[in-house]
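A.B. asks: model the following, please.
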Amino acid sequence: MTVSVARVVHRHVDIDGVRVFYRESLPDRDDAPVLLLLHGFPSGSHQFRRLLDVLGSRYRLIAPDHPGFGRTEVPDGFTYRFDRLADVTEGFVQRLGLDRFVMYVFDYGAPIGFRLAERRPERIAGLITQNGNGYEDGLSEVAGETLRFRPRTPGAEERLLDLLTLAGTRSQYETGVADPALIAPDGWTLDQHFLELPGRRNAQLDLLFDYHTNIDSYGRWQAWLRRHTPPTLIAWGRNDPFFTEPGARAYLRDLPDAELHLFGTGHFALDTHLPEIAPLIADFLDRTWR
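C.D. replies: Below is the predicted model of the structure:
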């Protein structure tokens, strides 16, 4: 029996003083399609490690840690705003020479990715959104309230700090999941390790307080989708407590030819439905890459 498991390398690259950590698969062919994987809160590039193993021998998968997450290191005084995270991602793409790629966006990866797409539309060969929201339709009641908090909102900091606890991190993995045994505990425990590093709590608060800028940008990003009509695959955990099923369906208003697949799971759909989602990604890459 032949078993194909990808070779994956783990590196750092300096982007304007930010030491970006990333994982990259080494496919069997030099002209393999390129997939840029943009992770979400409260996770890091490690959330894609199984996907890299499964698809990395056929495709070039690249997953960086955003500033404030994982093993990426930032200089003193770094400003945690989504615009700045997009700046670093843009620099990362340029440094690696990624002239063209399919972009996979999840959670925080969506507002970072949409900013990148606005700046570099010629590089976007296709879009995969997995619970990467871009519509008010997709905000649950709790997300619609929490993600509009400002620093002076009474009780806001206390509410947001609850998200940064071990219980809060674990709940993001398990809420909406039919069989929690499918969720490896390594994910939330590793996330919590990084969340508790020095300086990370304040970094996460700054980003959470900046999230309203993403909601304010939804209309502009939707216009970008209508204008550029990238081939799009939507793979969505329909029980996500933050980004709900209507947010997945809303993409079809602007991208009527997009492929929509809903799964009976929560926020981290890859953790429970990798066997179903990975073939969809592979098929999409094969058909999209020209």
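A.B. asks: now do the buried residues in stretch 116-127.
C.D. replies: By 16 or more other Cβ atoms under 10 Å, the buried positions in stretch 116-127 come out as Leu116, Ala117, Glu118, Arg120, Arg123, Ile124, Ala125, Gly126, Leu127. For glycine as for every other residue, the C-beta is placed from the backbone atoms N, C-alpha and C.
A.B. asks: and which of those is nearest to Asp30?
C.D. replies: Ala125 (16.9 Å; Cβ to Cβ).
A.B. asks: so that closest one: helix, strand or coil?
C.D. replies: Here Ala125 takes the strand state, with states given by DSSP: H, G, I helix; E, B strand; the rest coil.
A.B. asks: what of the one 3 residues further on?
C.D. replies: Classification of Ile128 using three-state DSSP returns strand.
A.B. asks: I figured it hits Phe284, correct?
C.D. replies: Yes: using Cβ atoms under 8 Å, Ile128 and Phe284 qualify as a contacting pair, with a distance of 6.6 Å.
A.B. asks: tell me, what's touching the two both at once?
C.D. replies: Counting by Cβ atoms under 8 Å, 6 or more residues apart in numbering, the shared contacts of Ile128 and Phe284 are Val102, Leu233.
A.B. asks: neighbour-wise, which of the two wins?
C.D. replies: Taking neighbours as other Cβ atoms under 10 Å, Ile128 and Phe284 compare with Ile128 leading, 27 against 21.
A.B. asks: any idea how far that one is from Leu55?
C.D. replies: Separation of Ile128 from Leu55 (Cβ to Cβ, to the nearest Å): 12 Å.
A.B. asks: can you list residues touching both of the two?
C.D. replies: Where contact means Cβ under 8 Å, 6+ apart, the residues bridging Ile128 and Leu55 through contact with each are Leu35, Ile281.
A.B. asks: tabulate the buried residues of stretch 116-127 (JSON lines), appending pLDDT.
C.D. replies: Formatted as JSON lines, the entries for the buried residues of stretch 116-127 read as follows, by pLDDT from 0 to 100:
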{"residue": "Leu116", "pLDDT": "98"}
{"residue": "Ala117", "pLDDT": "98"}
{"residue": "Glu118", "pLDDT": "97"}
{"residue": "Arg120", "pLDDT": "96"}
{"residue": "Arg123", "pLDDT": "97"}
{"residue": "Ile124", "pLDDT": "98"}
{"residue": "Ala125", "pLDDT": "98"}
{"residue": "Gly126", "pLDDT": "98"}
{"residue": "Leu127", "pLDDT": "98"}
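A.B. asks: need those in CSV (columns: distance to Thr169).
C.D. replies: Putting the buried residues of stretch 116-127 into CSV (distance: Cβ to Cβ, whole Å) gives the following:
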residue, distance to Thr169
Leu116, 26
Ala117, 29
Glu118, 31
Arg120, 32
Arg123, 33
Ile124, 31
Ala125, 33
Gly126, 31
Leu127, 27
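A.B. asks: between the residues you listed, which sits nearest Phe106?
C.D. replies: Relative to Phe106, the closest of those is Leu127; by Cβ to Cβ it sits at 11.9 Å.
A.B. asks: okay, and the beta partners of the closest one?
C.D. replies: Met103, Thr232 (DSSP bridges).
A.B. asks: does it touch Met103 like I think?
C.D. replies: Yes: using Cβ under 8 Å, Leu127 is in contact with Met103, at 5.6 Å.
A.B. asks: report the set of residues contacting both of the two.
C.D. replies: Counting by Cβ under 8 Å, 6+ apart, the common neighbours of Leu127 and Met103 are Gly113, Ala117.
A.B. asks: other residues contacting stretch 184-192?
C.D. replies: When contacts are defined by Cβ under 8 Å, 6+ apart, stretch 184-192 is touched by residues Pro42, Ser43, Gly44, His46, Gln47, Leu166, Thr169, Arg170, Gln172, Tyr173, Phe268, Asp271.
A.B. asks: try 10 Å this time
C.D. replies: Contacts with stretch 184-192, where a contact means Cβ atoms under 10 Å, 6 or more residues apart in numbering, come from 41-44, 46-47, 49-50, 69-70, 164-174, 195, 268, 271.
A.B. asks: element containing the nearest residue to Gly40 once chain neighbours are set aside, please.
C.D. replies: What sits nearest to Gly40 in space, not counting adjacent residues and going by Cβ to Cβ, 6 or more residues apart in numbering, is Asp107, at 2.3 Å. Using DSSP states H and E, Asp107 is not contained in any helix or strand.
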